[in-house]
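Asks: Just the structure for this:
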Amino acid sequence: MSISATSQRRGEDPWPRMEKEVEAMMDGLIVQMQRYREVAHPTVIAEEEMFDSINAASEEVDEMRAALDTAIEHPELFSITTDELQSRAEKTRAWERDMKKALDLRAKIIAERQRRAAAQRGEFSPTDAGMRENNAFLQQEHETQQRYMQADEATIDRLAGGVRRVRETAVNVKDELDTQEHVLDDIDSGMTRAQLRLENVVKKTSRLLDSASDRKKIICIVVLVIILIVLIMFVVQ
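Replies: Numbering: from 1, shown residues only. I've put the predicted structure just below:
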């Protein structure tokens, strides 16, 4: 949908929003045209880039012309002064003059391409044409191989990173296992010491019970139970 159609439906003035963008695009196009003319033998890639820039700028200038015409034909839709309309008209005409130069350059590029194509058809024999096609094929194959090599290098880099991460994880797991082994050894040693203490207490208590009265035996049993609970709590901690 064009800018003019959108403006008529919504009553929106698109000019302020688009002016800076189009101005920057036209400035860039002028610089690109100047650099293109300074090159004695531009490449096909440079020609294609020039075409793309000219076509894009041409579309934007046409849109701005449509927006200006809409504002002139339907002033009731916009709050624009006469001075502002005059300023926009002058700006649009300046863009159109620059676009005329750009379109002339595009026509020259197309004519030069046609001239080169005609010269090649008349200059080269079938053998030369075959050699040129073969060279073009080899060049294309070389570029394809380069892309494959770059993709392979990227894959190798990703794999190397994965291997490095796996190795680091393995080292961390080994360290964790060593730490857990030390903790288990400490727990085992603590259990052994607690068991020996418990056995000593049981022996002493048994001897005490053998030589004590019934009342003292009950007291000893209670004390023994308390000691046992304390030892169990110590072992659990």
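
Asks: State the distance from M233 to E48.
Replies: For M233, the distance to E48 (C-beta to C-beta, to the nearest Å) stands at 84 Å. Glycine gets a C-beta too; all of them are placed from N, C-alpha and C.

Asks: Also R88?
Replies: Separation of R88 from E48 (C-beta to C-beta) stands at 33 Å.

Asks: higher neighbour count, these two?
Replies: Summary of the neighbour comparison: R88 and E48, criterion other C-beta atoms under 10 Å, with R88 having more neighbours (18 against 11).

Asks: Distance check, the closest residue to that one other than its chain neighbours against L224.
Replies: Ranked by C-beta to C-beta, 6 or more residues apart in numbering and with sequence neighbours excluded, the top spatial neighbour of R88 is L68, at 5.3 Å. L68 sits 106 Å away from L224 when distances are taken as C-beta to C-beta.

Asks: what's the answer for R193, then?
Replies: With distances taken as C-beta to C-beta, R193 is found 19 Å from L224.

Asks: So which of those two has more stuff around it?
Replies: L224 (18 against 12).

Asks: Show me which residues of the strand or helix carrying the more buried one are buried.
Replies: Under DSSP states H and E, the secondary-structure element containing L224 is helix 214-236. Within helix 214-236, the residues scored as buried using 16 or more other C-beta atoms under 10 Å are 220, 224.

Asks: pLDDT averaged over it - what is it?
Replies: Averaging pLDDT along helix 214-236 yields 76.

Asks: where exactly do the helices run in this structure?
Replies: Shown for the chain, the helices assigned by DSSP state H span residues 3-10, 15-38, 44-73, 82-123, 126-211, 214-236.

Asks: Select from those the stretch with the lowest mean pLDDT.
Replies: Within the helices of the chain, confidence is poorest for helix 3-10, with a mean of 45 (mean pLDDT).

Asks: list the contacts for N55?
Replies: Residues near N55 by C-beta atoms under 8 Å, 6 or more residues apart in numbering: none.

Asks: Kind regards, and thank you for your time.
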